[in-house]
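Novice: Based on what follows, work out the 3D shape:
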Amino acid sequence: MHIVYLLRSKQNPNRVYVGLCGNMKNRLAEHNAGECKTTREARPWEVDVAVYFRDEKKAHAFEHYLKTGSGRAFSKRHL
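Specialist: Below you'll find the predicted structure:
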């Protein structure tokens with residue numbers, strides 16, 4: 001499975017991060033351990049949304065969309 005996820009910072013709830021992984025538990029642990037440069041400063045993180053895909057191309061396309069301006073607006077309204 002391919003998981004597109006949206007993390008929300010517990011320290012600053014207005015800060016979100018969108019990513020893609022195969023194991024949500026391990027990936028969240030990496031973010032909270034400071035192993036990811038992009039998310040290190042806003043730790044700790046919690047999973048806000050996780051969408052599971054069987055198709056890797058669809059997962060990548062959805063992650064890419066959520067990182068665009070219209071995708072960020074979509075996530076604020078619907079997720």
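
Novice: Validate this expectation: residue 13 resides in a helix.
Specialist: No: applying DSSP: H, G, I helix; E, B strand; the rest coil, one finds residue 13 to be coil, outside a helix.

Novice: what about it, neighbour count?
Specialist: 11 (other C-beta atoms under 10 Å). The way it works is simple: take the backbone N, C-alpha and C, and place the C-beta from them, glycine included.

Novice: same question, the one 5 residues further on
Specialist: Under the neighbour criterion other C-beta under 10 Å, residue 18 is assigned a count of 20.

Novice: the helices in the chain, which residues?
Specialist: Counting by DSSP state H, the chain has helices at residues 24-32, 56-66, 69-78.

Novice: To residue 45, which of those lies closest?
Specialist: helix 24-32 (4.9 Å; C-beta to C-beta).

Novice: average pLDDT across the closest one?
Specialist: Summarised as a single mean, pLDDT over helix 24-32 is 98.
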